[in-house]
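Asker: with the sequence up front, the predicted model follows.
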Amino acid sequence: MKNKNVFMMSLIIMIITIICMGINWFISPFSDVAIRVIGGIMLIDLFFLSYSTVKLKSNS
């Protein structure tokens, strides 16, 4: 159950960061610091997303 919660939270965070990147590219550019923070969050979240995906697949 814990892995499923981690997976869902990391998936939600990844979707939010991708939406923010899309807003940056197509609607209104963000500041350099904001882009770096979003990119850092995305990198950290990618680790948690891949880890929880592997754990969910191995437990099934």
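Answerer: Cool, got the structure.
Asker: now the helices for the protein?
Answerer: Chain-ordered helices for the chain, with DSSP state H as the definition, fall at 2-26, 32-59.
Asker: quick check, Leu11 in contact with Leu49.
Answerer: Yes - Leu11 is within contact range of Leu49, at 6.5 Å (criterion: C-beta atoms under 8 Å). Any C-beta I mention is one placed from the backbone N, CA and C, and that applies to glycine too.
Asker: higher neighbour count, those two?
Answerer: The neighbour comparison of Leu11 against Leu49 (other C-beta atoms under 10 Å) goes to Leu49, with 18 against 15.
Asker: so what's the more buried one closest to, chain neighbours aside?
Answerer: Excluding the flanking residues, the one nearest Leu49 by C-beta to C-beta, 6 or more residues apart in numbering is Ser10, at 4.2 Å.
Asker: which ones are touching the one you found?
Answerer: Contact criterion C-beta atoms under 8 Å, 6 or more residues apart in numbering gives 45, 48-49, 52 as the residues in contact with Ser10.
Asker: for Ile18, see how far away it is.
Answerer: For Ser10, the distance to Ile18 under the criterion C-beta to C-beta, to the nearest Å works out to 12 Å.
Asker: can I get the helices of the chain in JSON lines including mean pLDDT?
Answerer: Output for the helices of the chain, formatted as JSON lines (pLDDT from 0 to 100):
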{"stretch": "helix 2-26", "mean pLDDT": "92"}
{"stretch": "helix 32-59", "mean pLDDT": "92"}
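Asker: contacts only, for the residue lying closest to Ile13 once chain neighbours are set aside.
Answerer: Across the structure, with C-beta to C-beta, 6+ apart as the measure, the residue nearest Ile13 apart from its sequence neighbours is Asp45 (4.8 Å). For Asp45, the contacting residues are 10, 13-14, 17, taking C-beta under 8 Å, 6+ apart as the criterion.
Asker: and those as TSV, adding distance to Trp25?
Answerer: Listed next are the contacts of Asp45 as TSV, based on distance: C-beta to C-beta, whole Å:
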residue	distance to Trp25
Ser10	23
Ile13	19
Met14	17
Thr17	13
